[in-house]
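Asker: Give me a model of this one.
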Amino acid sequence: CPQALVLLAGLDTGMVIADTSYDSDANRAYCAEKGIAVVIPNRPNRSEPVSLDEEYYRDRNKIERFFGRMKQYRRLATRYDKTVVSFLAFWHVAAAIDWLR
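Answerer: This next block holds a predicted model:
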């Protein structure tokens, strides 16, 4: 994934939880250099497997399902709102509705 390092550039600490497509030596080296924890499953062809924290990786799935539910709202998926404030406000409303279910 050529854009991964660009996305990680703004991250100084924390944790990166990603899927198998982001498993590369360059991504892992960048995160190790910055002190960022990495939770990425190994590619099938990796010669030296790296351990994976299964609990954190399950949390990634919860986040993906949340965004999938949010995309059910057509207003969020197509971004009809003209201003950032109203778009963010509806994200808050949709998240609250999802949380109440």
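Asker: Low-confidence bits of this protein, can you list those?
Answerer: Counting by pLDDT under 70, the chain shows no low-confidence range.
Asker: Can you give me the domain boundaries for it?
Answerer: Following the TED database, the chain resolves into domains at 1-47, 53-100.
Asker: what's the most buried one of the ones you listed?
Answerer: Among the domains of the chain, domain 1-47 has the highest mean neighbour count (mean count of other Cβ atoms under 10 Å), at a mean of 13. Quick note: C-beta positions are derived from backbone N, CA and C, even for glycine.
Asker: ranges for the helices of the protein?
Answerer: In the chain, the segments counted as helices under DSSP state H are 4-8, 25-34, 54-70, 74-78, 84-100.
Asker: closest one to residue 48 among these?
Answerer: With Cβ to Cβ as the measure, helix 25-34 is the member of those nearest residue 48 (10.0 Å).
Asker: who does the closest one touch, helix- and strand-wise?
Answerer: For helix 25-34, the elements it packs on are helix 4-8, strand 37-39, judged by 3 or more Cβ pairs under 8 Å, 6 or more residues apart in numbering; DSSP states H and E.
Asker: Redo those as TSV? Include distance to residue 71.
Answerer: Listed next are the helices and strands packed on helix 25-34 as TSV, based on distance: least, Cβ to Cβ, whole Å:
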stretch	distance to residue 71
helix 4-8	20
strand 37-39	24
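Asker: which one of those lies closest to residue 31?
Answerer: Nearest to residue 31, of all these, is strand 37-39, at 4.8 Å by Cβ to Cβ.
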